[in-house]
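> next input, structure requested:
(2 chains)
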There are 2 protein chains.
Amino acid sequence: MTPKTAVILAAGLGTRMGGRPKGLVRVAGREILYRTMHLLQRNGVERFLIVTNERYAPLYREFVERNGFNAELVINPEPEKGNGHSLHLAKGHLSERFVLVMSDHVYSEAFVAEAIKGNGLIADRRPGWIDVDEATKVKVKDGRVERIGKGLKEWDAVDTGFLVLDEGIFKVTEELENERNGDYSLSEVVERAGLPVTFVDGFGWTDVDTPEELKRARKMLIFTAVKGTGDGFISRHLNRKISTRISYLLVEKVTPNQMTVVTFALGVLSAFLTLVSLPLAGILYQLSSILDGVDGELARAQLRTSRLGGYVDSILDRYVDGSFLALLAYSALKEPLWYLVALLALLGSVMVSYSTERFKGAFCRDAYREVPALRKLPGKRDERVFLTMLFLLVPSGLAVRALFALLAVLTNLRVGATVYFILLNASSFRAGMQ
Amino acid sequence: MTPKTAVILAAGLGTRMGGRPKGLVRVAGREILYRTMHLLQRNGVERFLIVTNERYAPLYREFVERNGFNAELVINPEPEKGNGHSLHLAKGHLSERFVLVMSDHVYSEAFVAEAIKGNGLIADRRPGWIDVDEATKVKVKDGRVERIGKGLKEWDAVDTGFLVLDEGIFKVTEELENERNGDYSLSEVVERAGLPVTFVDGFGWTDVDTPEELKRARKMLIFTAVKGTGDGFISRHLNRKISTRISYLLVEKVTPNQMTVVTFALGVLSAFLTLVSLPLAGILYQLSSILDGVDGELARAQLRTSRLGGYVDSILDRYVDGSFLALLAYSALKEPLWYLVALLALLGSVMVSYSTERFKGAFCRDAYREVPALRKLPGKRDERVFLTMLFLLVPSGLAVRALFALLAVLTNLRVGATVYFILLNASSFRAGMQ
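Next comes the predicted model:
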C-alpha cells in the first residue's frame, strides 16, 4: 500500500534564494512544491501536511488554495531550531504510513514513482544532479542507517530528502525533544531511529539552495523529460542534444502550445521555401524537426503534458511533412513517373505514423512498447527529415528524384515491416483482449 | 449484480432440423449454443448448466470440452415430458440469481447485453425476427406475467426464451412436480410464479425450429452486425444494403480474413485499372468499397471480431486509396500544378482517417462517440470512393482534375473541422484524464 499522506518540511528560513520560501520558488514554470505535491498525488497521496513558520504561512496558504490541494498547515513557531522539531509537530495529525519530503528538493516524475514504493530513508548510490560534497551522506549497515551526515568519510549513498515513515518515528522525536529541548535535526532522528534504507539509484532529483542550483534543477527537469520510446536514430544522437538545450533556455518563458505553433509555422515556411531555395528549405525543415521535440520536453518539464496537445502536434507534423514533399515535388519534378514516385513517398511518409498510431487506437497500448522490434526499424520522421536535408544541400534534379525514390521505398517497406512484426507478436499483446 | 450462472434447456427432441440437437446447429459459422454461451460469458456469466437428454449428452459433452466452457451437464431421463421438468432438474445446482435460456434461440450481442440486466421474464413488445403467430405471447398486469401462451388473443409482448431467475422458482416447480407428475411446461411455471416482466424491445433475437427459420436467424445476425458509428452517407444508404446481402450469402463459407484479402486485391486491381479504363477502374473501386464492409459484418456475425483484423484492414484501405489516387494522377494528369493538387488530395485522404484514429490512440475512446458532431462531416471513405466513381464514369481530363481539386479541398477541410470539433469538445472527454 502506498502512503496516502505526505508531510512537507517547509519551516526553514533559507536566505540565499531571496525573501521567498524555497518551496514556492519556481523551476520550469512551477513552484517546487507544486511539482512535488502534484507528483505525489499522481502516485496516490491524497492529503498533505505542510510544516512551515509564521512568516511563510500566509504564502503557503494562498498557494494551497490557488491550486486546490487538500493540505493543512502546521505552524512551527521556532523555525530557527533544527528541522527534527518540525517533523515532531506533525505528530497527532497522522495515523498511518506517510511520506516525508523536503520543500526545497526537486524530484523528477520517475524518481517519485519509484521512491514512494520504498520504506524508510530513500537513498541514492548514483546521484547525478547534486554536489556530493554538500550532500548529506548515509552509511548503511544491514539495510539500515548506521550513520548520516554531511561530513561522513565512508558512506554508501546520498540522502534524497524523501522518506517513507510510520508513526513509530514519533517515539524517537519524543526522546530527542526531551534531551535537546526541541533543537535537533532530521538527520539525528534518522540516525537514532536506525531507519531502513531503500536505494533508488540514478533517477533525477536535486535540492535547491542557491540560484546556481536552481539552474541545475531546471536542467535536470529538461533532461529527465525526454520521452524515450519512439525516438529515431537522428533524434537520439542529434536532435535531442540540441532540443534539450533550447528547452532549457525557454522553459521558464514559453508554453508547449506556443512552441507547437512556432514549430508548425517554421515547418510550413520550410515547405514553401522549396519554391525558392532547396538547401535553405532543407535546413529549415531539419531545424523545425529539432524544434519538434521542444514542445513535448517543455510540457513534461512543466507538468503540462496533455493528450490533446500530443494529438494536435501529430496532425500538424503530418501536414508539415505532406506539404514539404508536395511542394518539393512541384518545384523540382517534371515527369509523371516521378510524380507517381512522389505520391507513393508522401503516402508512405504519412503511413509510417499511421501504422503505429492506428495500433494504439486498436489496442490502447504503445506499439513500440508491445513490439520492441519496431524500435529498430529505420524510417522515422527524424531520420527522414535529416535525409531530406542532406539530399537538398547540393540540389539537383537527380538528388531530388533519388530522395523521392528512397523515401518511397524506405517508408512503405517500413510500414510493411511494422505490420509484419505486429502480426508476428500478436499472441503476446492480444492475450486477454477481445 | 448480473448473474454468474446460466441454465440452458436443451433436452427437447426436436425433429424438424434433422437428427442434430438444435443447440448444436450452426448459424453464421457457429453453433447456436456457442453463440449464446459466448455472449453470456462476455456479459459476466462464468458457469453453465446444460439440461439435456441421454441421447444428446455425448454431443453436448464433446461441444463443451472442445470450446473450453465451464459447463456441467444435467440429464433429463424423460425429455418427452414438458420442459418445466428440465428446469426443475437444475434445482440444487444453483445458489444465486441465474439466467435461463433456451438452446434453440439465437440472440444478437445487443439483446444479450440488455436482457441480462433484466429481471424475471424478458419479453419483447416489438419483435422483428419471429413469426408472431407461432410465438409464445405474454399478457402483463402490474409488471408481472398474468397469462402466457401461444393462443392468447390479448397480449402485450412476446416471450424471448430468456429469463433471469432466482431459487424461488423451484418452489413453483416443486408444486407442479407433485400436481402434474413431472409433466408441465416452462410456460406453466412462469404463469404460476407470476414472474416479473422486463421489456427488452426491438433487439435482434429469434428461435429456430425449421431450416427456413435458420435462414431468418442468419439474416438477423448479419443485419444486427452492422457497425453504426463511423458509417458515412453512401455507406448507410447504398453500400450496407448491398454488403449485408453479400455477407448473408457468404457467412457460412468465408472467413473475415479471406474477405479482407479479396477486398484488398480488388482495390489494388481497380487502382491499376486506371491505366486502362477510368470508368471500369471507378466502378471496381466502388465495388471494393462495398465489399470493404463485408469482412467486418462477417466478423461480427461469426463472433470473430479482432482488433488486429481491424488494424490490418485499416492499413490496407489506406493503401488502396493511396495507390488509386497515385495511379489515377499518373494516368490522367500532366501539369505539375495538378500533381500538386493530387498530392494534397492524397495527403488529405489519408489524414481523414488519421485524424480520428490518432484520437483513439491518444484517448482510447472512439472519436465519433465522444464528439458526435464528427458524424455529420462529409468526406468519409465511402463518400469519396463513390464521388470518384461518379467523376470517372464519363472520363475526361477536366473531370479528373475537378475530382482531385474537390478531394483536396473536401478532405483537408474535413481534417481541419475534425480537429476544430475535437478542441471544441475537449472539456467533455478530457474530464478525469491526464
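
> which stretches of the stretch 301-434 of chain A have low pLDDT?
Applying pLDDT under 70 to the stretch 301-434 of chain A flags the ranges A:430-434.

> show me the helices in it, by range?
A:307-332, A:336-363, A:367-370, A:381-393, A:397-424, A:426-430 (DSSP state H, counting those that start in this stretch).

> in the shortest one, what's buried?
Applying a neighbour-count criterion of 16 or more other Cβ atoms under 10 Å in any protein chain shown, one finds A:367-368, A:370 buried in helix A:367-370. Glycine gets a C-beta too; all of them are placed from N, C-alpha and C.

> so where do the strands sit in chain A?
A:5-10, A:26-27, A:30-31, A:47-52, A:71-75, A:98-102, A:105-107, A:120-124, A:137-141, A:144-149, A:157-165, A:197-199, A:205-207 (DSSP state E).

> ok, now which ones touch the closest residue to chain B within the stretch 51-200 of chain A?
With Cβ to the nearest Cβ as the measure, A:Glu109 is the residue of the stretch 51-200 of chain A nearest to chain B, at 11.5 Å. With contact taken as Cβ atoms under 8 Å, 6 or more residues apart in numbering or on different chains, A:Glu109 is in contact with A:39, A:42, A:224, A:300.

> filter the residues you listed by proximity to chain B?
Among those, the ones lying near chain B by Cβ under 8 Å from any Cβ of the partner chain are A:Arg42.

> return the member of the contacts of A:Glu109 nearest to B:Arg55.
Closest approach to B:Arg55 among those (Cβ to Cβ): A:Arg42, at 62.0 Å.

> that closest one: neighbour count?
14 (other Cβ atoms under 10 Å in any protein chain shown).

> repeat for the one 5 residues further on
Per other Cβ under 10 Å, the neighbour tally for A:Arg47 reads 17.

> tell me the pLDDT of the residue of the stretch 51-200 of chain A closest to chain B.
Listed pLDDT for A:Glu109 reads 93.

> domain map for chain A?
A:5-213, A:225-430 (automatic domain parsing).

> quick one, which of those domains is nearest to B:Arg245?
Closest approach to B:Arg245 among the domains of chain A (Cβ to Cβ): domain A:225-430, 28.3 Å.

> ok, back up a step: need the buried residues of helix A:367-370 in a markdown table (columns: distance to chain B).
Formatted as a markdown table, the buried residues of helix A:367-370 follow (distance: Cβ to the nearest Cβ, whole Å):
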| residue | distance to chain B |
| --- | --- |
| A:Ala367 | 9 |
| A:Tyr368 | 12 |
| A:Glu370 | 12 |
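
> which of the helices of the stretch 301-434 of chain A is buried the deepest?
Highest mean neighbour count of the helices of the stretch 301-434 of chain A: helix A:336-363, a mean of 24 (counted as mean count of other Cβ atoms under 10 Å in any protein chain shown).

> for that helix, packing partners?
helix A:307-332, helix A:367-370, helix A:381-393, helix A:397-424, helix B:307-332, helix B:336-363 (3 or more Cβ pairs under 8 Å, 6 or more residues apart in numbering or on different chains; DSSP states H and E).

> quick one: that helix to helix A:307-332, angle?
Helix A:336-363 runs at 170 degrees relative to helix A:307-332, counting by axes from the mean of the first three to the mean of the last three Cα atoms, to 10 degrees.

> so how far is helix A:336-363 off the chain centroid?
Relative to the chain's own centre, helix A:336-363 is displaced by 30 Å; criterion: Cα atoms, centre = their mean, to the nearest Å.

> quick check: angle from it to helix A:397-424?
Computed by the same axes, to 10 degrees, the angle between helix A:336-363 and helix A:397-424 is 30 degrees.

> thank you, goodbye.
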